[in-house]
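Engineer: have a look; sequence and predicted model below, questions after that.
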Amino acid sequence: MSISERIIVPLDVASQEAAIALIDQLPQVTFWKVGLELFVSSGAPILTRLKQRQKRIFLDLKFHDIPNTVAGACAAAASYGVDLITIHAATGSAGLQLAQTALRASAEHAGVPVPKLIAVTLLTSISARTLAFELKVPLELPEYTLEMALLAQASGLAGAVCSPQEVQQLRQTCGDEFVLVTPGVRPTWAEAGDQKRIMTPRQALEAGSTYVVIGRPITAAEQPGRAFERICQEIEDA
Ligand SMILES: O=C(O)c1cc(=O)[nH]c(=O)n1[C@@H]1O[C@H](COP(=O)(O)O)[C@@H](O)[C@H]1O
């Protein structure tokens, strides 16, 4: 995989028109993420538009519900023929297992490749302080994310989403085949914004990320194409 193929760019915009404009502005991006904002506002047609352009798709709807409901949602998502789908690890093993089984059956029935189901361990906007004092989780943050990744792996999932700060530990424990996707990635010249547990793209890939998700440093740049190229160059110069 080339460096540019390991960068997933989110289409965090509110309309299909805005999404298409961004896709056409960044022809060098091969892997796009469709998240809650765009999918809720525009629905599935954006997936068809991406496929027409031979793009890979990360359908990031972060499912979190009872087992029967997440399984149904994963089955529906899998039938679109996307590459990656997210679910919260906190759904628990019964839901994760049922979702994985339903997703596989649905993809096979639709005759599309089976998407990789990956579990969000802990959102990258959550700090150690918030985990302890708001969410009342009695584990240290690195231990909690590792436990969530192991739960996902034991439930048959293909990978996990974590911050770059935990990715090295997860890579060492979960092995080379486990897909690790890290948002919360910021070049030194970009603002952190609401992300709390950040690293640079190069550090994240060196620490073991399979893919990095980089949004606003690219999409909010004056020249998104140049920002994307600059990030690729900074990784390659390492
Ligand atoms: O699942 C995700 O992609 C995700 C998980 C997470 O823990 N943190 C996180 O930021 N994301 C997504 O990654 C993207 C990050 O965007 P930027 O902060 O603009 O780079 C957003 O689309 C988030 O929805």
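Structural biologist: Good, I have the coordinates.
Engineer: so Leu117 sits against His88, correct?
Structural biologist: No: Leu117 lies out of contact with His88 (CB atoms under 8 Å); the separation is 11.6 Å. Bear in mind the C-beta positions are built from the backbone N, C-alpha and C, glycine included.
Engineer: those two: which is more packed in?
Structural biologist: Leu117 (27 against 21; other CB atoms under 10 Å).
Engineer: helix, strand, or coil at the residue nearest to Ala44 when sequence neighbours are not counted?
Structural biologist: In space, and not counting its chain neighbours, Ala44 is closest to Tyr80: 6.3 Å by CB to CB, 6 or more residues apart in numbering. At Tyr80 the chain is in coil, as set by DSSP: H, G, I helix; E, B strand; the rest coil.
Engineer: ok, and the closest non-adjacent residue to the residue in the chain that the ligand sits nearest to?
Structural biologist: The nearest approach of the chain to the ligand comes at Gly215, 2.5 Å away (CB to the nearest ligand atom). Once flanking residues are discounted, Gly215 sits nearest to Pro10: 4.3 Å by CB to CB, 6+ apart.
Engineer: about what we covered before: what's the pLDDT at the residue of the chain closest to the ligand?
Structural biologist: On the pLDDT scale, Gly215 is placed at 97.
Engineer: check Thr145 too.
Structural biologist: Looking at Thr145, its pLDDT reads 98.
Engineer: tell me how far it lies from Gly159.
Structural biologist: 13 Å (CB to CB, to the nearest Å).
Engineer: and the helix or strand where His109 lies, what's its mean pLDDT?
Structural biologist: In the assignment (DSSP states H and E), His109 maps to helix 93-110. The pLDDT scores in helix 93-110 average 98.
Engineer: same check on stretch 118-138?
Structural biologist: The average pLDDT within stretch 118-138 is 97.
Engineer: again with stretch 77-89
Structural biologist: pLDDT averaged over stretch 77-89 gives 97.
Engineer: for Asn68, see how far away the most centrally placed residue in the chain is.
Structural biologist: Nearest to the mean C-alpha position of the chain, by CA atoms, centre = their mean, lies Val181 at 5.3 Å. Here Val181 is placed at a distance of 26 Å from Asn68 (CB to CB).
Engineer: what does Ile85 show for phi and psi?
Structural biologist: Here is the backbone geometry of Ile85 (degrees, to the nearest 10): phi -140, psi 140.
Engineer: residues contacting the residue nearest to Ala44?
Structural biologist: When contacts are counted by CB atoms under 8 Å, 6 or more residues apart in numbering, Tyr80 touches Ala44, Leu47, Ile57, Leu59, Val112.
Engineer: for Ala73, same thing?
Structural biologist: By CB under 8 Å, 6+ apart, the contact set of Ala73 is Leu61, Phe63, Asp65, Ala99.
Engineer: understood, closing this out.
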